[in-house]
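Asks: structure for this input, please:
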Amino acid sequence: DGFVRVDRDYVAQAAELARAGGCKHFVLQSSRGANVQSRFLYLRVKGEVENLVQAVGFDCCTILRPAVLLCKRQESRPMEWIVQQFLGMVVRVFPTAFSVPVETVARAMVACVLQPGEGKGRVLENGAIHELGKA
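Replies: Numbering: from 1, shown residues only. Purely as a prediction, here's the structure:
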């Protein structure tokens, strides 16, 4: 319940408040594989929030779907640490396929607003996030 409330409900409410406050372009960080039909709660909730945010009616809505986020955490998450160690080796061979540093995602989000694309909305997958995050 807490995950759904934070990752779907709060984000959808924030989008509605932003629109009411005059926001024209909303940028949402979602997840690779987001899908309202997914059997996995995480991916289903990400798909649901994408639909809710798009329905708010922004002039432009950009959705970023990063793969595994690479970051340093203060709290201990042993399984996540193991996955990140493995991905650290894979990144050397396939730098944009399976992961992305959070700093790259943040730069891509800013670039989306500073260099908006054409159309009402777009979805950027991991490779496009890497490209845009280089700016």
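Asks: tell me the centre residue of this structure?
Replies: Closest to where the C-alpha atoms of the chain average out (Cα atoms, centre = their mean) is residue 29, at 2.3 Å.
Asks: contacts only, for that one.
Replies: 64, 66, 105, 109 (Cβ atoms under 8 Å, 6 or more residues apart in numbering). Using the backbone N, CA and C atoms, a C-beta is placed for each residue, glycine as well.
Asks: SS state for the residue nearest to the second one when sequence neighbours are not counted?
Replies: Yep, that's residue 66 we're talking about. In this structure, residue 66 finds its nearest non-sequential neighbour in residue 100, 4.7 Å apart by Cβ to Cβ, 6 or more residues apart in numbering. Look at residue 100: counting by DSSP: H, G, I helix; E, B strand; the rest coil, its state is strand.
Asks: tell me the bridge partners for residue 100.
Replies: residue 69 (DSSP bridges).
Asks: so what pLDDT did it get?
Replies: If you check residue 100, the pLDDT there is 88.
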